[in-house]
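1. below are the sequence and a predicted model for it; my questions follow.
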Amino acid sequence: MVLHRPFEPTRFIGQNTAPGMTVGVFFSSLYNLPVKWGVMVVKEKITGKSCPQAWAASLLFTSIGLLLIGTTPQIAAAQSTKIAATPPMGWNSWNKFACDVSDKLIREMTDAIVSTGMKDAGYQFVNIDDCWQVSRAADGTIVVDPDRFPNGMKPLADYVHSKGLKFGVYTDAGRMTCQKRPGSYDHEAQDIRTYAGWGVDYVKIDWCYADGLEPDVQYPKFRDAIAQSGRPIVFSICNWGVKAPWTWGPRTGNLWRTTGDISDKYNSMSLIGFSQDGLDKFAGPGHWNDPDMLEVGNGGMKHDEYLTHMALWAILAAPLLAGNDIRSMSEETKAILMNPEVIAVDQDAEGVQGHRVWDEGPLEIWVKPLADGSQAAGLFNRGESALKLTLDFKAIGAPASAKLRDLWERKDLGTVQNSYTAEVPKHGVAFLKVSK
């Protein structure tokens, strides 16, 4: 989340890597490790945390952590799978509004989630990100900004609940939030009790101003406080992939960020999304990898790029937290965010995160097994011109004679023999359901 400061991958190109070399290869050579991480270095700024060097730190830790995936045993989840049994869906204020949050805005967004049909499509959380808090009272209780939230948080939570939706807030495990508001360090249990008293259903906990702290020590304090609060609260760990949270996250929270912040640019989104391969073994009902919130509708990407964004997040069984102004979104944006067949892939009851099955140059094919025995297949073109991709049914374990459905067009393509070829636009995707 938070104030965006640029991180320059081009530094690595100029000093230590050849153009086109993956970031993981750079770190592998640095540490003499043999395995690579599939994030391509590009000559484009990507965004990061407001905390100094946070994006660089997250990139380093994420690279090293992913290198260890092959030797790290899967950890049994301690969190109840009744909480976040499928990836959470909702809306978060940060990507569009940053610190410009208020009681009025949240009520209007709540109304818009209902009136636009997003609630009926499955979006249920209304989450306030940073900047709602200003100080602590003498007894340590967190103080809500009295100008922007004059009625406090409980009446706002009650309003959200009255619309059949759920209410979320943000804090930080460090000494301050990323926008220098009071963090929850040394107030973990107190803050969770306060949130539970307000009727909070979801808490996102960041990792700014946490020098000298260990995430796998600090975050369990919140887990234990939630368990003792008597209220079911979705616990979102937002430490940007530091210290491989997928290895300890399943016994701690319901979702955990795997990388630094996303921004509303294709290169940022694709760097993050396509780097998730290999993390599928750590995800499942009640515990999900989180490649960050959606940027669909914020205007920084083209239509085909937003289709890629949404399709890839669905294949990844990622949380779907819209980050646009839903009061004024276009019909095109609505069609992407509320496509029921794409959402169904993300929310599939099997709870399996998809993975890459093939790649060559800028072309990638990702597959996600579904509960009904079918598979969702994404044919992605990361190149700079339209290219043809062929899906070989045998390579994904599908029958030689398979039924295909175009998920974006919501139409059957008939029964196809052995393989299917599609021309995919620049930065685009062909998103298919493959069944017997």
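-> Received it, and whenever you're ready, just let me know what you need. Numbering: from 1, shown residues only.
2. Ala318: what's it in contact with?
-> Listed by CB atoms under 8 Å, 6 or more residues apart in numbering, the contact set of Ala318 reads 87, 288-291, 346. Just so you know, the C-beta spots here come from the backbone N, C-alpha and C atoms, and that holds for glycine as well.
3. low pLDDT regions in the chain?
-> 1-81 (pLDDT under 70).
4. can I see the domain layout of it?
-> Per automatic domain parsing, the structural domains of the chain span 5-71, 89-346, 355-435.
5. which stretches in the stretch 301-436 of the chain count as strands?
-> 320-322, 355-360, 363-369, 375-381, 387-392, 401-406, 411-417, 419-424, 429-435 (DSSP state E, counting those that start in this stretch).
6. ok, the closest residue to His287 other than its chain neighbours to Gly230 distance?
-> Once flanking residues are discounted, His287 sits nearest to Pro250: 4.2 Å by CB to CB, 6 or more residues apart in numbering. Going from Pro250 to Gly230 by CB to CB, to the nearest Å gives 23 Å.
7. who's more crowded, those two?
-> Remark: of Pro250 and Gly230, Pro250 carries more neighbours, 23 against 8, as counted by other CB atoms under 10 Å.
8. look up how far Ser419 lies from that one.
-> Distance from Pro250 to Ser419, by CB to CB: 37 Å.
9. quick revisit: turn the domains of the chain into CSV, including distance to Lys82.
-> Shown next, in CSV, are the domains of the chain (distance: least, CB to CB, whole Å):
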stretch, distance to Lys82
domain 5-71, 28
domain 89-346, 7
domain 355-435, 18
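10. for the ones you listed, which one ends up most surrounded?
-> domain 89-346 (a mean of 21; mean count of other CB atoms under 10 Å).
11. can you give me the first-to-last residue distance of it?
-> 10 Å (CA to CA, to the nearest Å).
12. was I right about Gln133 contacting Ile142?
-> Yes: applying CB atoms under 8 Å, one finds Gln133 in contact with Ile142, separated by 5.3 Å.
13. spit out the residues that contact the two alike.
-> Applying CB under 8 Å, 6+ apart, one finds that Gln133 and Ile142 are jointly contacted by 171, 182.
14. hmm, Ile202 is touching Pro88, no?
-> Not Ile; residue 202 is Tyr. Yes: in this structure Tyr202 lies within contact range of Pro88 using CB under 8 Å: 6.9 Å.
15. which neighbours do those two have in common?
-> 125, 234, 236.
16. distance check, the last one against Ile396.
-> When CB to CB is applied, the distance between Ser236 and Ile396 equals 32 Å.
17. what does Met293 give?
-> Distance of Met293 to Ile396, given as CB to CB: 29 Å.
18. no more questions from me, cheers.
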